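Visitor: Okay, sequence plus prediction incoming.
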Amino acid sequence: MACYTKKTIAFLGAGSMAEAMISGLVKAGIVPANQIIVTNRSNQDRLNELEGIYGIRGVKRDDLLFEEVDVFILAMKPKDVERALQSIYDDVKPDQLILSVLAGISTSYMEQNLRAGQQVIRVMPNTSSMIGESATALSPGKQTTRNNVKLATDILRCIGEVYLINEEKMDIFTGLAGSGPAYFYYLMEHMEKEGQKAGLDTETTRQIIAQTIVGAAKMIQEQDETPTELRENVTSPNGTTAAGLDALDNFGGGEAISQAVKHASKRSQEISSQLQKTLLKPEEKKLKAI
Ligand SMILES: NC(=O)C1=CN([C@@H]2O[C@H](COP(=O)(O)OP(=O)(O)OC[C@H]3O[C@@H](n4cnc5c(N)ncnc54)[C@H](O)[C@@H]3O)[C@@H](O)[C@H]2O)C=CC1
Ligand SMILES: O=C(O)[C@@H]1CCC=N1
């Protein structure tokens, strides 16, 4: 797929997720780099750093020209979203598309905090966006046109695979894929320690483990077998793998993995419900404004 758009994209938030997406988009050559803008609350050094690495435009919040932007990508922490939405309320037009990558922030929360008719899409990427290998979910808001869903899909395809899902599945997607890379890094940290203890040097151990994970992932993508079948193919009776898997079972490895996904997903739900509680009703908003 050709990775190209004429649109101007502005990131509000300049942290690790924004950087991962910027890196992936720039590498894919989606737009001339100067059509990617990034802004944050106040850290000019960070904007300069991103400008230096990716050739994009780091712009102070007050200097952001809203009218030149086609697609905004919200990339602040969920706790900062209310203030962020307040700060763009007057400047953003309902037909300008807003993507949010924030965990737990629903499209209805964004719609209720922005002008009537605002086009919003909730997105859950992961940090493998950095190299164009994200698994990214997308759920459009009520007012969002098909054209804008297509636009968002086209942009997000430049940083990996895209899945259009019902918003009610966003929490589990977050537990699996948004947080997922961290589980594999955690696994790698533990495997790496054992390699080192046995006398392998760190770099070699790291590459061995990475290649093992890449190979296993590609087997799933390129062969028809299920994870269970593939696992069984590795496991000789009374062999080394059986010994390893027994230890995983005895130490609660399978259950620990299930719980990690469940807890991450539950946390995404909690963030949603906590914020929904603080949402002011329209009449309360008016009173606050007076
Ligand atoms: N890090 C990850 O792997 C993933 C993160 N996300 C979501 O991405 C969001 C950002 O996460 P990180 O990049 O890890 O956080 P971070 O803490 O590294 O970056 C947050 C950025 O937002 C900026 N910011 C805060 N308030 C702002 C405002 N009102 N206007 C403009 N910028 C503002 C901060 O200055 C900072 O640059 C979170 O909501 C998270 O749920 C989603 C998927 C994966
Ligand atoms: O830890 C978090 O809350 C974010 C969302 C998904 C991955 N990182």
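Guide: Looks like it arrived, so ask away. Computed from a prediction, not measured in an experiment: that's the story for all the values here. Ligands and ions are numbered 1, 2, ... in the order given.
Visitor: Report the contact partners of Thr107.
Guide: Shown here is Thr107, whose contacts under the criterion CB atoms under 8 Å, 6 or more residues apart in numbering are 120-122, 139-142, 167. Every C-beta, even on glycine, is put in place using the N, C-alpha and C of the backbone.
Visitor: now do 7 Å
Guide: Neighbouring residues of Thr107 by CB atoms under 7 Å, 6 or more residues apart in numbering: 120, 122, 139, 141, 167.
Visitor: what does Asn48 give?
Guide: Contacts were defined as CB under 7 Å, 6+ apart; by that measure Asn48 touches Gly58.
Visitor: Show me where this protein has its strands.
Guide: In the chain, the strands defined using DSSP state E lie at 9-12, 36-39, 57-58, 71-74, 97-100, 120-124, 134-140, 160-164.
Visitor: Generate a markdown table for those strands, with distance to ligand 1 as supplementary columns.
Guide: A markdown table is the format used below for the strands of the chain (distance: least, CB to the nearest ligand atom, whole Å):
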| stretch | distance to ligand 1 |
| --- | --- |
| strand 9-12 | 4 |
| strand 36-39 | 6 |
| strand 57-58 | 11 |
| strand 71-74 | 8 |
| strand 97-100 | 8 |
| strand 120-124 | 6 |
| strand 134-140 | 9 |
| strand 160-164 | 12 |
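Visitor: could I get these as CSV with mean pLDDT and mean neighbour count?
Guide: Formatted as CSV, these follow (pLDDT from 0 to 100; neighbours: other CB atoms under 10 Å):
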stretch, mean pLDDT, mean neighbour count
strand 9-12, 98, 24
strand 36-39, 98, 23
strand 57-58, 98, 20
strand 71-74, 98, 24
strand 97-100, 98, 26
strand 120-124, 98, 26
strand 134-140, 98, 23
strand 160-164, 98, 16
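Visitor: ok, which pair from the contacts of Thr107 is furthest apart?
Guide: Farthest-apart pair in the contacts of Thr107 is Val120 and Glu167; separation 11.0 Å (CB to CB).
Visitor: Among the strands of the chain, which comes closest to ligand 2?
Guide: Proximity to ligand 2 (CB to the nearest ligand atom) singles out strand 120-124 among the strands of the chain, at 7.0 Å.
Visitor: What helices and strands are in contact with the closest one?
Guide: Under the contact criterion of 3 or more CB pairs under 7 Å, 6 or more residues apart in numbering; DSSP states H and E, strand 120-124 touches strand 97-100, helix 107-112, strand 134-140, helix 146-157, helix 170-173.
Visitor: Pop out the phi and psi values for the closest residue to ligand 2 within the stretch 1-150 of the chain.
Guide: Here the residue of the stretch 1-150 of the chain nearest ligand 2 is Ala103; by CB to the nearest ligand atom that distance is 3.7 Å. With angles defined as degrees, to the nearest 10, Ala103 sits at phi -60, psi 130.
Visitor: ok, back up a step: between the helices and strands packed on strand 120-124, which one is closest to Tyr186.
Guide: Minimum separation from Tyr186 across the helices and strands packed on strand 120-124 (CB to CB) falls at strand 134-140, 17.7 Å.
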